[in-house]
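Engineer: coords please:
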Amino acid sequence: MKLYYTKGACSLAPRIVIHELGLPCEFEEVDLKNKKTKPGEDYLTINPKGAVPALVTDDNQILTENAVIQQYLADNNQASSLLPPIKDFNRYRVLEWLNYIATELHKTCAPLFNPSLPQEIKDKFFIPLLKKKLDYVEKALEKNRYVAGDHFSLPDAYLCVILFWLGSFKIDIGEWKNLSRYFAELKNRKAVQLAFQEEGFA
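Structural biologist: Just a heads-up that it's a prediction; the model follows:
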């Protein structure tokens, strides 16, 4: 199995899941600007979308899209703690959160990484929008230890990366009491620490 990643990108989320599961995996870095892998291969021949992550499975299938890769990793390894089985309604709560993070939080963060977008627009529109969406997560964490309940699951790996990005946007996570507690707990998980260390983040 091989995961194509870019340092600090959302590909950190499946890397965390891989370490949670203790799976053997090769990690290959991608230069997204030039669409080249570290060995110099044209990344577009691997993922024509030109984005990370991309996962090459043990049977040589290429799978893309963060939320789907995470779901595949959990299902393929019967990791019911990360993603409950089909007949368990809690499965859909986990997937509900996973999709919220992908379509609402991640999507709102994307413009903040765009260097051609004026900071004034980021400050007046996108950052307030992101904060409003984080307020929703903050409220959910009033009653839950993790976003989907009392146990770490797939959306927590993804949200960990989003919260890590806040520093790049000069957003103080201290604005949210529950998110601050939650992020501190996530950073103490061995899988999270290993994933961040591998990509050069303390």
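Engineer: how close does Asp88 sit to Glu104?
Structural biologist: Separation of Asp88 from Glu104 (C-beta to C-beta, to the nearest Å) stands at 24 Å. C-betas here are computed from N, CA, C, even on glycine.
Engineer: So for those two, which sits in the more crowded spot?
Structural biologist: Higher neighbour count among Asp88 and Glu104: Glu104, with 17 against 12, using other C-beta atoms under 10 Å.
Engineer: residue contacts, that one?
Structural biologist: Shown in contact with Glu104 (C-beta atoms under 8 Å, 6 or more residues apart in numbering): Lys133.
Engineer: isn't there a helix covering it?
Structural biologist: Yes - counting by DSSP: H, G, I helix; E, B strand; the rest coil, one finds Glu104 located in a helix.
Engineer: Starting from Arg15, give me the distance back to it.
Structural biologist: Distance of Glu104 to Arg15, computed by C-beta to C-beta: 22 Å.
Engineer: Quick one: classify the residue minimising distance to the centre of the chain as helix, strand or coil.
Structural biologist: Most central in the chain under C-alpha atoms, centre = their mean is Tyr158, positioned 2.8 Å from the mean C-alpha point. Using three-state DSSP, the structure places Tyr158 in helix.
Engineer: Please report the distance of Lys139 from Phe89.
Structural biologist: Per C-beta to C-beta, Lys139 is found 21 Å from Phe89.
Engineer: typo on my end, it should be Gln78
Structural biologist: 18 Å.
Engineer: And the helix or strand where Ala195 lies, what does it pack against?
Structural biologist: Assigned by DSSP states H and E, Ala195 belongs to helix 190-198. Here helix 190-198 touches helix 12-21, helix 154-165, helix 177-187, going by 3 or more C-beta pairs under 8 Å, 6 or more residues apart in numbering; DSSP states H and E.
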